[in-house]
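[1] need coordinates for the below:
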Amino acid sequence: MSHARVPFARDRRLLVEARAPYVAPVEVAFPEHRYDQRALVESLKRRWRARPQVTALVERLHASVQVEERCLALPLDEYDRLGDDFGASNDAFIRVGTELAARAFTGAVARAGLALDDVDAVFFTTVTGVAAPTIDARLVNVLGLRPDIRRTPMFGLGCLGGAAGLARTSDYLAGHPTHVAVLLAVELCSLTLQDDFSVANLVASGLFGDAAAAVVLTGSACPPSGARAMVPPSNGSPAIDEQPRARVVDTRSAFFRGTERVMGWDIGSSGFKVVLSADVPNIVKLHLPGVVDGFLHDHGLSRGDVRHWICHPGGPKVILAIEESLGLPDSALALTRQSLASVGNLSSASVLDVLGRTQPHALPDDIGLLIAMGPGFCAELVLLSW
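    Residues are numbered from 1 along each chain as shown. Got it, this is the predicted structure:
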């Protein structure tokens with residue numbers, strides 16, 4: 001059976017699909033403690049100086065992940081005092097995470113041209129700390145949010161969380177088209193540092209950074225005023241006075257069976273011990289092209305119609321696997337590589353940072369595909385149209 005291809009950019013019926021919510025500019029809040037990779041390597045070499053084979057490996061692995069700078073939740077000297085005390089690390093997660101969450105949340109709402117009282121729902125994702133009440137609940141008091149705000153905390157999605165969060169937030173707005181919702185991701189990866197000398201942990205110690213990211217989505221019956229963004233982004237992207245707003249056209253989830261040990265955490269008395277398989281790039285190459293092509297095909301699209309590839313910066317090998325398996329030009333994931341180099345992998349907040357870097361470059365009728373992968377092992381895709 002043949003399938004006629006639909007010229008998506010000219011098909012206004014799809015672009016104005018009744019339930020497609022609007023996406024406001026992303027706000028990313030970073031801790032004040034910024035370090036270059038060299039300083040972080042030296043810190044770990046001092047911490048593990050009794051193990052010269054480990055410190056030599058740290059030097060090599062940190063150079064390979066192509067991260068130049070990262071922001072950390074705490075000053076460097078405080079990590080040694082935490083040791084493997086899960087309780088102390090988690091207390092720091094709640095304290096610093098709440099502060100960053102408040103900054104990201106208020107910044108995102110302001111950049112959407114709204115007030116805090118306008119927010120009807122918040123979707124919260126994290127995988128680097130636990131709290132009950134959750135951080136989104138704490139923000140109700142900290143920021144004075146409405147007492148009837150609807151909250152959906154999500155734990156365990158990992159690097160997938162930013163994409164899955166966008167998808168679940170858009171699902172909610174499809175049923176509540178007059179509502180305003182905020183997606184909030186808080187990840188303080190540095191607080192999961194373990195005295196674990198596995199290659200996976202040593203790679204993670206050089207790859208991951210800390211941040212909170214937030215983005216406002218509005219239902220189809222609550223369009224942004226003039227569909228413009230007037231507030232300069234905080235992540236260094238150029239400010240554009242007239243920036244078209246994206247709409248979430250559709251989402252797609254893909255679970256790859258039998259891959260539970262590819263990515264995640266083993267949680268014990270010392271906290272979160274990373275599970276990170278070297279097979280991730282191969283799994284990406286095996287599964288991602290079919291998922292992407294099937295999703296695009298359902299909308300009368302092909303890879304060539306996608307102007308903006310908004311991919312989570314899982315690491316250099318994962319980025320290369322995405323490029324090679326999808327046949328993308330070197331420039332397609334430039335903003336993903338830029339995010340990785342300048343702030344590291346921020347887990348669920350990373351793909352939102354890449355989205356924020358992409359937004360100023362989007363033009364009306366552009367198509368974007370946002371992709372992230374995480375524990376499961378699985379993928380989440382979000383189709384965007386400006």
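
[2] now name the helix or strand holding the nearest residue to Leu157 once chain neighbours are set aside.
    Residue nearest to Leu157 in three dimensions, not counting chain neighbours: Ala164, with 5.2 Å by CB to CB, 6 or more residues apart in numbering. Just so you know, the C-beta spots here come from the backbone N, C-alpha and C atoms, and that holds for glycine as well. Here Ala164 sits within helix 161-175, counting by DSSP states H and E.

[3] Trp309 too?
    Going by DSSP H and E, Trp309 is in strand 308-311.

[4] just Ala88 next, same as before
    Assigned by DSSP H and E, Ala88 falls in helix 86-111.

[5] contact partners for Val65?
    The contact partners of Val65, by CB atoms under 8 Å, 6 or more residues apart in numbering, come to 203, 206-207, 315-316, 340.

[6] quick check: Leu296 touching Trp309?
    No: the criterion here is CB atoms under 8 Å, and Leu296 misses it with Trp309 at 11.8 Å.

[7] list residues touching both of the two?
    Shared contacts of Leu296 and Trp309, counting by CB under 8 Å, 6+ apart, come down to Leu369.

[8] ok, these two, which is more surrounded?
    Trp309 (24 against 21; other CB atoms under 10 Å).

[9] hey, what's that one bridged with?
    Here Trp309 sits in beta bridges with Leu369, as judged by DSSP bridges.

[10] run a quick neighbour tally on Ala278.
    So Ala278, with other CB under 10 Å, has 11 neighbours.

[11] repeat that for Gly209.
    The burial count for Gly209: 30, using other CB under 10 Å.

[12] how about Val109?
    23.

[13] what does the one 10 residues further on give?
    Taking other CB under 10 Å as the neighbour definition, Val119 ends up with a count of 22.

[14] hmm, it is touching Ala108, no?
    No: the criterion here is CB under 8 Å, and Val119 misses it with Ala108 at 9.6 Å.

[15] give me the common contacts of these two.
    Common neighbours of Val119 and Ala108 (CB under 8 Å, 6+ apart) are 182, 216.

[16] ok so, going back, just the buried ones from the contacts of Val65?
    203, 206-207, 315-316, 340 (16 or more other CB atoms under 10 Å).

[17] quick one, helices of the stretch 101-250 of the chain?
    In the stretch 101-250 of the chain, the segments counted as helices under DSSP state H, counting those that start in this stretch are 135-143, 161-175, 199-207.

[18] quick one, what contacts Leu143?
    Leu143 neighbours (CB under 8 Å, 6+ apart): 102, 105-106, 116.

[19] sorry, wrong one. I was asking about Leu40.
    Applying CB under 8 Å, 6+ apart, the residues near Leu40 are 62, 70, 76, 205-206.

[20] give me that answer again for 7 Å
    Residues near Leu40 by CB atoms under 7 Å, 6 or more residues apart in numbering: Arg70.

[21] and which of the contacts of Leu143 is nearest Ser190?
    Of all those, Ser190 sits closest to Ala102, with 19.5 Å by CB to CB.

[22] any idea how many residues pack against the closest one?
    19.

[23] per-residue pLDDT, it?
    We have a pLDDT of 98 for Ala102.

[24] gap between the helix holding Ala88 and the chain center?
    Put simply, helix 86-111 sits 15 Å off its chain's centre (CA atoms, centre = their mean, to the nearest Å).

[25] next one: stretch 209-227
    With CA atoms, centre = their mean as the basis, stretch 209-227 stands 14 Å off its chain's centre.

[26] now Val96: how far from Gly290?
    Look at Val96 and Gly290: by CB to CB, to the nearest Å, they are 40 Å apart.

[27] give me the more crowded residue out of these two.
    Val96 (22 against 11).

[28] once you drop chain neighbours, what's closest to that one?
    Nearest in space to Val96, with sequence neighbours left out and distances taken as CB to CB, 6+ apart, is Ala73 at 4.4 Å.

[29] quick check: that neighbour touching Glu187?
    No: counting by CB atoms under 7 Å, Ala73 does not reach Glu187; the two are 9.8 Å apart.

[30] ok so, going back, of the buried ones among the contacts of Val65, just say which sits nearest to Arg252.
    Gly315 (23.1 Å).

[31] contacting residues for the nearest residue to Ala137 once chain neighbours are set aside?
    Nearest residue to Ala137, sequence neighbours excluded (CB to CB, 6+ apart): Arg151, at 6.3 Å. Arg151 sits next to 122, 136-137 when contact means CB under 7 Å, 6+ apart.

[32] what is the nearest of these to Arg49?
    Distance to Arg49, by CB to CB, is smallest for Asp136 among those, at 40.6 Å.

[33] how far away is the residue nearest to that closest one when sequence neighbours are not counted from Asp85?
    Leaving aside its sequence neighbours, Asp136 sits nearest to Phe124 (CB to CB, 6+ apart; 3.8 Å). Separation of Phe124 from Asp85 (CB to CB) stands at 25 Å.

[34] report pLDDT for Arg10.
    The model's pLDDT for Arg10 equals 48.

[35] over to the one 10 residues further on?
    Confidence at Ala20, expressed as pLDDT, is 91.

[36] then Ala227?
    37.

[37] got it, and the one 5 residues further on?
    The confidence metric pLDDT takes the value 46 at Pro232.

[38] before we move on, the earlier item: overlap in contacts, Ala73 and Glu187.
    Asp210.

[39] between those two, which is the more surrounded one?
    Comparing Ala73 with Glu187 by other CB under 10 Å, the one with more neighbours is Glu187, at 32 against 28.
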